[in-house]
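**Student:** model the structure of this input:
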Amino acid sequence: MLKTYTLLLSLFLSVYTFAQTAYPNLREGNYTITHYTFENGQELAALNLHYYTIGTPQKGKDGKIANAVLIMHGTTSSAAAFLSKQFAGELFGPGQLLDASKYFIILPDAIGHGKSSRPGDSLHMHFPNYTYNDMVTAEHELVTKHLGIDHLRLILGTSMGAMHAWVWGYTYPDFMDALLPLACQPAHIAGRNRMMRKMAIDLIKMDPAWNNGEYSTQPVLGLTGALSSFFFMNSSPLQLQQSASTRAAADTLVTHIRRANLAALDANDVIYALEASRFYDPSPYLSKIKATVYAINSADDEINPAELGVMEREIKKVAHGRYILLPITDKTVGHGTNSLPAIWGGYLKELLEVSAKQ
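**Tutor:** Presented below is the predicted three-dimensional model:
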């Protein structure tokens with residue numbers, strides 16, 4: 001039951017079962033950008049970007065690195081999520097689709113997340129008001145100036161990371177061969193999605209313990225209210241019915257959800273992470289994307305409901321784009337399906353094959 005829960009809430013929950021496999025050349029690093037200027041003109045004297053890499057860069061016949069893969073995480077998550085059995089255990093091992101002996105895999109913590117610079121470190125609500133554009137620009141500098149890579153074989157992103165993949169695609173259209181955005185829409189965030197974010201932010205700020213961001217202990221009441229919004233948007237009714245089929249089991253699961261999330265999240269970090277999407281809107285720029293794109297959503301994803309028809313409309317603007325809607329099964333888990341390559345791995349295999357020919 002609890003294992004299923006971690007999959008259901010993989011967008012917002014930073015609790016994972018880590019893979020035990022010893023991947024080749026797994027390294028952890030930090031890169032500091034001095035005097036980083038955000039798109040609103042605010043500046044951070046030292047922006048730290050934390051990351052993992054797995055594997056070794058390999059050059060092609062043109063002398064350039066040809067095997068680099070960038071994988072980006074979801075809102076309030078971190079790169080460590082991709083080292084889980086459910087993800088790394090399905091992709092990075094010998095003979096698997098992103099075999100780390102063949103690919104150089106880059107897993108960054110986005111601004112405001114994981115071990116990268118965050119509001120919760122010290123600046124609290126005085127941290128620069130970053131956006132998705134800022135996050136992508138910083139990741140591009142990490143990849144190019146620090147890791148020395150000028151081309152990516154693949155960019156894969158889940159949820160927020162999927163939205164970043166779209167931004168990468170039109171901002172740096174010659175930089176990658178393929179894009180695999182999982183669980184997102186390439187359009188501005190409005191309607192229920194924005195309303196959920198706004199409600200969660202307001203609930204945190206309404207808690208007197210939040211104290212304008214200057215709290216000594218987490219504002220538990222506000223965060224707990226925010227988690228209720230996250231839960232209903234991220235969960236799967238079918239999986240919950242199976243995992244919590246009795247009143248006692250459901251009550252136990254609620255307790256676990258609350259305890260695990262409150263232990264993992266910082267209120268200011270959550271506010272900034274949710275607000276970072278405020279200017280996101282790739283729709284006008286999709287025709288600039290040159291890479292082969294396979295955009296994958298799940299039919300039971302409440303954050304990106306298929307009935308809106310957004311993907312069907314927008315994917316037509318992408319020259320080499322394809323939209324895949326995964327049907328609801330006893331294995332899909334709502335929005336968290338984005339982190340289960342056992343379900344969508346066949347499409348990744350096809351994308352790698354198709355993009356290699358173009």
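
**Student:** only C-alpha atoms for contact and neighbour calcs from this point on.
**Tutor:** Fine.

**Student:** pLDDT value on Leu2, please?
**Tutor:** pLDDT, Leu2: 33.

**Student:** could you do the one 5 residues further on as well?
**Tutor:** Leu7 carries a pLDDT score of 39 in this model.

**Student:** now swap in Gly334 and tell me
**Tutor:** 94.

**Student:** gap between it and Val270?
**Tutor:** 21 Å (CA to CA, to the nearest Å).

**Student:** so the two - more neighbours on which side?
**Tutor:** Shown here are Gly334 and Val270; by other CA atoms under 10 Å, Gly334 has more neighbours (28 against 24).

**Student:** from Met196, how far out is the more buried one?
**Tutor:** Taking CA to CA as the measure, Gly334 falls 16 Å from Met196.

**Student:** can you check Arg322 too?
**Tutor:** Arg322 is 28 Å from Met196, by CA to CA.

**Student:** more neighbours: these two, which one.
**Tutor:** Neighbours were tallied for Arg322 and for Met196 using other CA under 10 Å; the higher tally belongs to Met196 (20 against 16).

**Student:** can you tell me the closest non-neighbouring residue to that one?
**Tutor:** With CA to CA, 6 or more residues apart in numbering as the criterion, Met196 has its nearest non-adjacent residue at 6.0 Å, and that residue is Ser229.

**Student:** can you give me the helices in the stretch 151-300 of the chain?
**Tutor:** Secondary structure of the stretch 151-300 of the chain (DSSP state H, counting those that start in this stretch): helices at 160-171, 191-206, 220-234, 237-243, 247-264, 267-275.

**Student:** which elements pack onto the second one?
**Tutor:** The reference is to helix 191-206. helix 220-234, helix 267-275 (3 or more CA pairs under 8 Å, 6 or more residues apart in numbering; DSSP states H and E).

**Student:** what's the angle from it to helix 220-234?
**Tutor:** Put simply, helix 191-206 runs at 170 degrees to helix 220-234, going by axes from the mean of the first three to the mean of the last three CA atoms, to 10 degrees.

**Student:** now helix 191-206, how far from the centre of its chain.
**Tutor:** Relative to the centre of its chain, helix 191-206 is centred 19 Å away, using CA atoms, centre = their mean, to the nearest Å.

**Student:** could you do the longest one as well?
**Tutor:** The gap between where helix 247-264 is centred and where its chain is centred comes out at 23 Å by CA atoms, centre = their mean.

**Student:** and that helix, average pLDDT?
**Tutor:** 92.

**Student:** what comes up buried for that helix?
**Tutor:** Going by neighbour count (16 or more other CA atoms under 10 Å), the buried part of helix 247-264 is Leu253, Ile257, Arg258, Asn261, Leu262.

**Student:** right, so of the helices of the stretch 151-300 of the chain, which gets closest to Val354?
**Tutor:** helix 160-171 (17.1 Å; CA to CA).

**Student:** would you mark the buried spots in the closest one?
**Tutor:** Applying a neighbour-count criterion of 16+ other CA under 10 Å, one finds Met160, Gly161, Ala162, Met163, His164, Ala165, Trp166, Val167, Trp168, Gly169, Tyr170, Thr171 buried in helix 160-171.

**Student:** low-confidence ranges in the chain?
**Tutor:** Flagging of the chain using pLDDT under 70 yields the residue ranges 1-21.

**Student:** please enumerate the strands of it.
**Tutor:** Counting by DSSP state E, the chain has strands at residues 27-37, 43-54, 68-72, 104-108, 154-158, 178-182, 292-298, 321-326.

**Student:** could those go into a markdown table alongside distance to Gly346?
**Tutor:** Formatted as a markdown table, the strands of the chain follow (distance: least, CA to CA, whole Å):
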| stretch | distance to Gly346 |
| --- | --- |
| strand 27-37 | 28 |
| strand 43-54 | 22 |
| strand 68-72 | 17 |
| strand 104-108 | 19 |
| strand 154-158 | 14 |
| strand 178-182 | 12 |
| strand 292-298 | 11 |
| strand 321-326 | 11 |
